[in-house]
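> quick one: sequence plus predicted model below, questions after.
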Amino acid sequence: MSYPQLLTPEEQLADAKRLSTLPRIVVICGSTRFMIEMNEADLRETEAGRIVVKPGCDMKSPHALWSDPVKAAALKVRLDDLHRAKIRLADEVLVVGDYIGDSTRAEIAYARSLGKPVRFTHPEVDPDA
């Protein structure tokens, strides 16, 4: 006799999203050097009726929260973990900017490993193109 497999939390979330009337969720990825472009993408995606999540911190700009290098390194790790959670939550990924660094490349690979569609504001930078 076989028993049904229990769903993972991610599978449960995907099922719940399919059954709900929530709009699609898009996560914005890219270098924080493109924060202005990310804000514009947020505006356009929101106008198109999508829920948008994006990086909440620009560690390239001075701030007391990351002025200490040791604390900044720990914060960067936590923010990377948080952004991967945003990718898991999202239905799709929008990569902003005409440059792909190591962190963004890893986010793209992670999203694709989860089967998430990935769009680019600059398709020529797609590492898999």
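Looks like it arrived, so ask away.
> the helices in the chain, which residues?
9-19, 35-47, 69-89, 102-113 (DSSP state H).
> redo the ones you listed as JSON lines? Include mean neighbour count and distance to residue 56.
Every residue, glycine included, has its C-beta placed from N, CA and C. As requested, the helices of the chain are exported to JSON lines (neighbours: other Cβ atoms under 10 Å; distance: least, Cβ to Cβ, whole Å):
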{"stretch": "helix 9-19", "mean neighbour count": "11", "distance to residue 56": "21"}
{"stretch": "helix 35-47", "mean neighbour count": "15", "distance to residue 56": "11"}
{"stretch": "helix 69-89", "mean neighbour count": "13", "distance to residue 56": "8"}
{"stretch": "helix 102-113", "mean neighbour count": "16", "distance to residue 56": "15"}
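> residue contacts, residue 60?
Going by Cβ atoms under 8 Å, 6 or more residues apart in numbering, residue 60 touches 32-33.
> what about it, distance to residue 33?
6 Å (Cβ to Cβ, to the nearest Å).
> before we move on, what about residue 127?
18 Å.
> send me stretch 43-59 as PDB with only the CA atoms.
Provided in PDB are the C-alpha atoms of stretch 43-59 (Å, rounded to 0.1, in the frame of the first residue of the first chain):
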ATOM      1  CA  LEU A  43       6.600  51.100 -10.600                       C
ATOM      2  CA  ARG A  44       6.100  49.400 -14.000                       C
ATOM      3  CA  GLU A  45       5.500  46.000 -12.500                       C
ATOM      4  CA  THR A  46       3.100  47.400  -9.900                       C
ATOM      5  CA  GLU A  47       1.200  49.300 -12.700                       C
ATOM      6  CA  ALA A  48       0.900  46.000 -14.500                       C
ATOM      7  CA  GLY A  49      -0.800  44.500 -11.500                       C
ATOM      8  CA  ARG A  50       2.000  42.500 -10.000                       C
ATOM      9  CA  ILE A  51       3.100  42.300  -6.400                       C
ATOM     10  CA  VAL A  52       6.700  43.400  -6.200                       C
ATOM     11  CA  VAL A  53       9.500  42.500  -3.800                       C
ATOM     12  CA  LYS A  54      13.000  43.800  -4.200                       C
ATOM     13  CA  PRO A  55      16.200  44.400  -2.300                       C
ATOM     14  CA  GLY A  56      15.500  46.600   0.700                       C
ATOM     15  CA  CYS A  57      19.000  47.700   1.400                       C
ATOM     16  CA  ASP A  58      21.700  49.400  -0.700                       C
ATOM     17  CA  MET A  59      24.900  48.600   1.100                       C
END
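> noted, bye for now.
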